[in-house]
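Enquirer: next come a sequence and a model predicted from it.
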Amino acid sequence: MMIRIRSRDGLERVTIDNPNITISQLKTLIETQLRLPISNQTLSLNQNLLLSKTLDDKSRFTDLSNPTTPISSLGITHGTVIYLSYEGERSIAGPMVNPAGSFGRKMTMDDLIAKQMRVSRQETPHCESVSFDRDGANAFQHYVNDSLAFAVKRGGFMYGTVSEEGKIEVDFIYEPPQQGMEDNLILLRDPEEEIRVEAIALGLGMRRVGFIFTQTISQTKKDYTMSNSEVLQAAELHGESGIKEWVTAIVKLEVNEEGGADVHFEAFQMSDICVRLFKEEWFETECGEEFDPKLSRMKKDVVVGVKDTKEVDNDFFLVVVKILDHQGPLSSTFPIENRNTPVTMRALKTHLDRAKSLPFVNRISDFHLLLLLARFLDTNSDIPALAGCVQAKATVPEGYQLLIESIADTS
């Protein structure tokens, strides 16, 4: 698999044969492939490492400091970005140069065609349709509409199931720590919390199936479906996912016939060529204000139609996916993580008391509630077991009921 290493020198890649190597073995690979001694490496999954000015600042980043920890236990998978800081200077390997033309190896017409990167529209998505759980979708859009007023961007990872026919059902949305701005969305991903999310999804028989984000009011006045920075983010997450059915959904305000504003959902897949261009690092990743947001800038020419160009209309990368809705197996009434108001134990007690007349499994059939409980219960055993009860609508063992109620009573 491939892991991305971001340092002050930019984004580089390290190839890994075994996904279960330790931090020590990872550092050895970085030394071999990136020519940086192990003794001079400070690694972290926290991007703030690159802002460190002193050794004391760096010493606070300890999440990747234990040499015996397997990287898989930290949620490091294919495409994960790891941040690297080092002291001094280093030499970076240059590109391989192959002679061609009159003073070297002659190129045939087939060679020239093979070297061209052609960008064309992809007519058919790998995902036949995406269906949103009504309650989960409403909980997401109500927050953006009522609390954020579509003034800043908001995003989340969609979880659910994928059928053999390529139909996706989204049953819950996990909102990671993030910083939303008018034109940009920075995901401040928490590896430990994402491990808990994956444990819950596993117990529910679900998986991560897509990314959802909002566009702001100011963006709706611009003539693009997705901006260049949104294309970059969507392509990166699609490539990281490892599933061909991955969906990107957009939520925005649209003016209706009466002049009012309606919340509108759209769904797309990033085209195969878009994901390939991102993985092979063709995109210019620094989108300055001088760039037209409806165009993606390439590092070298691609062929669009019959024209060589470094600028591609973002719409070329979007494949429309049909949207449906359904009533999923989970409720969405519990307070949601990583929003303006922290989720407290009092919220847990209030939620359980309000639903006292229901079977206990119904009272805890909410992803966001399970995520709060996952802070206190074992991720490898307790959480998948509870989520399994929720999936099967089975009786929750009395021991778990007592434990959950005692946690709620600590408020």
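Expert: Perfect, I can see it now.

Enquirer: quick one: the strands in the stretch 301-411 of the chain?
Expert: For the stretch 301-411 of the chain, the strands defined by DSSP state E, counting those that start in this stretch cover 307-313, 318-320, 322-326.

Enquirer: show me where the stretch 101-250 of the chain dips below the pLDDT cut-off.
Expert: In the predicted model of the stretch 101-250 of the chain, residues 101-115 satisfy pLDDT under 70.

Enquirer: so where do the strands sit in it?
Expert: Using DSSP E, counting those that start in this stretch, strands in the stretch 101-250 of the chain cover 118-119, 129-133, 155-162, 167-174, 178-180, 185-187, 207-214, 247-255.

Enquirer: from the chain's centroid, how far away is stretch 353-370?
Expert: Computed by Cα atoms, centre = their mean, to the nearest Å, the chain-centroid distance of stretch 353-370 equals 28 Å.

Enquirer: go on, stretch 297-313?
Expert: 27 Å.

Enquirer: for that stretch, give the mean pLDDT please.
Expert: Over the span of stretch 297-313, the pLDDT mean works out to 92.

Enquirer: who touches that stretch?
Expert: Contacts of stretch 297-313 from elsewhere in the structure, counted by Cβ atoms under 8 Å, 6 or more residues apart in numbering, are 116-120, 228, 277, 281-284, 287, 291-292, 294-296, 316. Backbone N, C-alpha and C define where each C-beta goes, glycine included.

Enquirer: rewinding a little: in TSV: the strands of the stretch 101-250 of the chain, plus distance to residue 39 and mean neighbour count.
Expert: Rendered in TSV, the data for the strands of the stretch 101-250 of the chain read as follows (distance: least, Cβ to Cβ, whole Å; neighbours: other Cβ atoms under 10 Å):
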stretch	distance to residue 39	mean neighbour count
strand 118-119	44	16
strand 129-133	48	23
strand 155-162	37	23
strand 167-174	38	24
strand 178-180	34	15
strand 185-187	32	17
strand 207-214	37	23
strand 247-255	42	21
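
Enquirer: so which of these is nearest residue 31?
Expert: Across the strands of the stretch 101-250 of the chain, the minimum distance to residue 31, taken as Cβ to Cβ, is reached by strand 185-187, at 29.2 Å.

Enquirer: what pairs with the closest one, parallel or antiparallel?
Expert: strand 178-180 (antiparallel) (DSSP bridges).

Enquirer: residues in contact with the strand it pairs with?
Expert: 148, 152-155, 185-188, 338.

Enquirer: pull out the buried members of the contacts of stretch 297-313.
Expert: Listed as buried from the contacts of stretch 297-313 are 119, 228, 277, 282-284, 287, 291-292, 294-296, 316; burial here means 16 or more other Cβ atoms under 10 Å.

Enquirer: in helices, which of those residues appear?
Expert: Within the buried ones among the contacts of stretch 297-313, residues falling in helices by DSSP state H are 228, 277.

Enquirer: dump the buried ones among the contacts of stretch 297-313 into CSV; add distance to residue 330 as well.
Expert: Converted to CSV, those look like this (distance: Cβ to Cβ, whole Å):
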residue, distance to residue 330
119, 40
228, 35
277, 36
282, 40
283, 36
284, 41
287, 36
291, 41
292, 41
294, 37
295, 40
296, 36
316, 37
